[in-house]
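A.B. asks: Need a 3D model of the following:
(2 chains)
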Number of protein chains: 2
Amino acid sequence: MFEEKKAEWLHIAESLKPTLHRETVRPISGMPDHALAENDQIVLDFGNHFVGRLTLKLSSQGSHPDAPVWLAVKFCENARELNETLDGYTGWISKGWVQQEQAHIDVLPAVFHFSRRYAFRFVKIDVLALSLRYRLVIEDVFAEVTTAADDSVLCPLKGDARDIIIDRIALRTLRNCMQDFFEDGPKRDRRLWMGDLRLQALTNSVTYRNDALVRRCLYLFAATADREGRIAACLFTEPRVEADDTYMFDYSLFFIPTLLQYAQATGDRTTMDDLLPLALHQLALAEAQFDPETQLIRDSDRLGWCFVDWALPLNKQFCAQAIWIYCARAALQMKTDPLLEEKVLLRREAARKHWYDRERRLFVSGAERQISWASQVWAVLAGIAEGADAAACLDAAAACPDALPMVTPYMMHHYAEALCCVNRKTQARQVIRDYWGAMADQGTDTYWELFNPADPDESPYGSPVVNSFCHAWSCTPAWFLRSGILEENAQNTRA
Amino acid sequence: MFEEKKAEWLHIAESLKPTLHRETVRPISGMPDHALAENDQIVLDFGNHFVGRLTLKLSSQGSHPDAPVWLAVKFCENARELNETLDGYTGWISKGWVQQEQAHIDVLPAVFHFSRRYAFRFVKIDVLALSLRYRLVIEDVFAEVTTAADDSVLCPLKGDARDIIIDRIALRTLRNCMQDFFEDGPKRDRRLWMGDLRLQALTNSVTYRNDALVRRCLYLFAATADREGRIAACLFTEPRVEADDTYMFDYSLFFIPTLLQYAQATGDRTTMDDLLPLALHQLALAEAQFDPETQLIRDSDRLGWCFVDWALPLNKQFCAQAIWIYCARAALQMKTDPLLEEKVLLRREAARKHWYDRERRLFVSGAERQISWASQVWAVLAGIAEGADAAACLDAAAACPDALPMVTPYMMHHYAEALCCVNRKTQARQVIRDYWGAMADQGTDTYWELFNPADPDESPYGSPVVNSFCHAWSCTPAWFLRSGILEENAQNTRA
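C.D. replies: Purely as a prediction, here's the structure:
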């Protein structure tokens, strides 16, 4: 499917490759005022989170260096990582992501460039070896840092001081994920993921307005759809543009609202018309997952991976049905289709009928009728819950101590958005101030991939050392604070 | 002194910088026949000792790599080093010399060049991290190896099979130390040392005949003499030519026999005449060390560093006097000087008078009249011991269990040469077969910096992990076997 279009789509994507903004930054503290001996350690603080390449300018004191300098260099997104080690690491995400290097430098003075790109605020340098005859002088340390975001287009946010801080961190998070494409995290994965792109594009539309980068990413996904026309969950651009062999029910469908959102933000109908058939095709591909009699989607154990949240115990049957409806409604905004419209109505009714617990006033999921926050959030966003029922199901989750909790900032975004949908603006604002604000209170420069206020060590990967601390899907507070959606008189939904 | 000459000398030295012979080599065994997973290890055997830069050609199997490859790579001159670690290393030579690297490779396929040069036969690669979604394919491994030696000028050695093996290893040792200059060891130090150069130039004169490289090294030493005209023990060529601030009594003086030997081997009188004043000046500088009344040199605790051998308990007073005489006699072969001739005679007599133990028929050294092998060897080489006394003192050392033993191949060279001087050719040949042959028996490709047949862990640096296993001063068996000196009818001494 669409094979004849892909070369052109790739060409468009590549033509939109951004010229990165480059800047040279230096540490604001930690530069040693003395020459270093073996076993010395320094910790450089660059004063903010950056993405780029480090250079060390080194010389020596004492006799002519008669042995190589051997350094261990660790790049940390936050101060906590400085003391983490890989000893006993058993997580299932590769420890190769931990940003640490060793380097031998044979000749001094030297200008030593690290060829790899890192995401960091802190750089720890351990002098593993020198000789007794000389000491190491760190003459200069600087990094060439990059972003595809243009800081100069930003308007300052006015209002509450805490909101301004929360917004600033969100902007930094988005900015540092904006590189050759919208990366999920500049420390780890460094990939284009549909789930992240959707929220990045949303936030970008009211901040940096790099619409060309969004367009590029839409075309990258289009160009890498598989032979059946299915859009991958994520893709790589190196050594060449290629989809990962990971497909997620929700992420494929999210191409639709991402395209809609782009078209609404830019008015670029050409791109919308070009990619709409592929977008609609994602709905068609999803058809196989529905029982034509009940209009219910398969249960999540037979559905393949549907992400929703980083919560393994979460039953995703209800959310998957809701997300299909959410995306079908987005499609209907781009193209009228009476048949699709009817399907949406049927599947909304089927969902209400099978999964609404009238007594508890909330939606359950799966054969075991699991109660989760995620189901209520998607019931609201998809318009399955309507009127008083919508706010009620969110309240019911809050009142149910057994309701499976939300895990990621990604899911928290959807919760805050659902609150806006039911006109609980103050509560939505409070969610942002409490959840993202709690990260801000820890002095972070960027928002994290994972944040459980009750357990800062939580990681879906078995260890926090591989967590990403500047992660795209956490950038949406800037959208909430700048789009006007939190204003009482704003429209209730985006859809 | 000689300040006005130094720029020209440096210019001559740099004009003689060799064009290195380059060759691409690949492992003869150890290439994996399967893709590697995390924690896999391979050991590549290149089949011989090489000096050069490694390239890995890597690809992947499975899904698109979603995490960097993290490798630990160790370069080993011999198989024993493969299992050595730096855990608990407390030696005083920098552990930065241990040839190990870590590398992260972000994108596959990749051609990964290691920028540093290594000396190795074996390369061990540990896969520290991959992801679970792909495996690492080692497509190709090759090294661009270098030497300033031209293998094609060598004549095959005829004769005893064991000698042929011993010679081959000696040649390999010399060859792999011949790079931009005569290095002491391509793994560790990688510097131009006078003590090594003298023996390298000697062996070069009957093997590779790269006389220009010897000339270059003489000029490098000349150009870096200090303001008093003293020649350094060693020098660096990077980042620019510069003497180390290490001076040794014997090494400064050895400029003289090295120059003589070069002139004899090449007939290049121009170079000899150019550098002779500086050579003779080393004798003049040594004058301050002698008591004009007794004609005895200071004891070694007040002499500064006089190397002789890697033996800290060795009293070097006698050897220092002998080495001065040895070098003065070399000077007299280049230029007649009745006053110097007289001094040589006086100092030889003084040495005999003060340090010859007539009863034991050997030479002692220092106030405590220490008995060492080194003193007997230098008594012979300097002509202090003459006639029957010469062989007798070597025999006496052998018969004295308390005689301080020899430590290095460097000292063993001088012992074998002393045996030739006293016409003990068969015994000299046996020393070579026993001592260097014992290294050969261990399957080595090159001779080591240190070798004590009774203690293979011996190291002057506190740990064998920093020992050099291809070390210039151990290359002289090829000189013994090829110069004819072991033939019964050969002249007894070089001087």
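A.B. asks: Show me how far stretch A:355-372 is from its chain's centre.
C.D. replies: Between the centre of stretch A:355-372 and the centre of its chain there are 29 Å (Cα atoms, centre = their mean, to the nearest Å).
A.B. asks: Also stretch A:56-67?
C.D. replies: 43 Å.
A.B. asks: For it, buried residues please.
C.D. replies: By neighbour count with 16 or more other Cβ atoms under 10 Å in any protein chain shown, stretch A:56-67 contains the buried residues A:56, A:58-60, A:62, A:64-67. (C-beta placed from N, C-alpha, C; glycine too.)
A.B. asks: Also near chain B: which of those residues, exactly?
C.D. replies: A:64, A:66-67 (Cβ under 8 Å from any Cβ of the partner chain).
A.B. asks: How about the contacts made by the residue lying farthest from the centre of chain A?
C.D. replies: Residue farthest from the centre of chain A, counting by Cα atoms, centre = their mean, is A:Ser63 at 50.5 Å. Contacts for A:Ser63 (Cβ atoms under 8 Å, 6 or more residues apart in numbering or on different chains) come out as A:133-134, B:244-245.
A.B. asks: let's see it at 10 Å
C.D. replies: The contact partners of A:Ser63, taken as Cβ atoms under 10 Å, 6 or more residues apart in numbering or on different chains, are A:131-135, B:244-246.
A.B. asks: Over to A:Asp196?
C.D. replies: Per Cβ under 10 Å, 6+ apart, neighbours of A:Asp196: A:177, A:182-185, A:189, A:217, A:234, A:251, A:410, A:449, A:471-475.
A.B. asks: give me the number of residues near A:Val465?
C.D. replies: 18 (other Cβ atoms under 10 Å in any protein chain shown).
A.B. asks: quick check: domain ranges of chain A?
C.D. replies: Following automatic domain parsing, chain A resolves into domains at A:22-147, A:157-483.
A.B. asks: any idea which of the ones you listed is most buried?
C.D. replies: domain A:157-483 (a mean of 20; mean count of other Cβ atoms under 10 Å in any protein chain shown).
A.B. asks: separation between the closest residue to A:Ser63 other than its chain neighbours and A:Ala72?
C.D. replies: Leaving aside its sequence neighbours, A:Ser63 sits nearest to A:Arg133 (Cβ to Cβ, 6 or more residues apart in numbering or on different chains; 4.1 Å). Per Cβ to Cβ, to the nearest Å, A:Arg133 is found 21 Å from A:Ala72.
A.B. asks: Then A:Ala110?
C.D. replies: In terms of Cβ to Cβ, A:Ala110 sits 17 Å off from A:Ala72.
A.B. asks: what do you get for A:Ala119?
C.D. replies: Relative to A:Ala72, and taking Cβ to Cβ, A:Ala119 is found at 18 Å.
A.B. asks: which is the next helix or strand following the longest strand along chain A?
C.D. replies: Counting residues, the longest strand found in chain A (DSSP state E) is strand A:41-62. Once strand A:41-62 ends, the next helix or strand along the chain (criterion: DSSP states H and E) is strand A:69-76.
A.B. asks: Which parts of the stretch 1-150 of chain A are helices?
C.D. replies: A:3-15 (DSSP state H, counting those that start in this stretch).
A.B. asks: again with the stretch 151-300 of chain A
C.D. replies: A:161-177, A:194-204, A:211-223, A:249-253, A:255-266, A:269-286.
A.B. asks: Now distance to B:Arg22 too, for these, in TSV please.
C.D. replies: Shown next, in TSV, are those (distance: least, Cβ to Cβ, whole Å):
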stretch	distance to B:Arg22
helix A:161-177	44
helix A:194-204	48
helix A:211-223	43
helix A:249-253	51
helix A:255-266	53
helix A:269-286	53
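A.B. asks: Relative to B:Cys306, which of those is closest?
C.D. replies: helix A:161-177 (61.0 Å; Cβ to Cβ).
A.B. asks: Show me what the closest one is packed against.
C.D. replies: strand A:41-62, strand A:134-147, helix A:194-204, helix A:437-441, helix A:477-483 (3 or more Cβ pairs under 10 Å, 6 or more residues apart in numbering or on different chains; DSSP states H and E).
A.B. asks: And the contacts of A:Asp196, which two are furthest apart?
C.D. replies: So, the contacts of A:Asp196 by Cβ to Cβ: farthest apart are A:Cys217 and A:Glu449, at 19.1 Å.
A.B. asks: quick revisit: what's the angle between the longest strand of chain A and strand A:69-76?
C.D. replies: 160 degrees (axes from the mean of the first three to the mean of the last three Cα atoms, to 10 degrees).
A.B. asks: confidence score at the residue of the stretch 351-495 of chain A found nearest chain B?
C.D. replies: The minimum distance from the stretch 351-495 of chain A to chain B, using Cβ to the nearest Cβ, falls at A:Val466 (9.1 Å). Looking at A:Val466, its pLDDT stands at 90.
A.B. asks: excluding its backbone neighbours, what's nearest it?
C.D. replies: A:Ile93 (4.5 Å).
A.B. asks: for that neighbour, phi and psi?
C.D. replies: phi -90, psi 140 (degrees, to the nearest 10).
A.B. asks: In contact with the residue nearest to A:Ser63, which residues are there?
C.D. replies: A:60, A:62-67, B:94, B:244-246.
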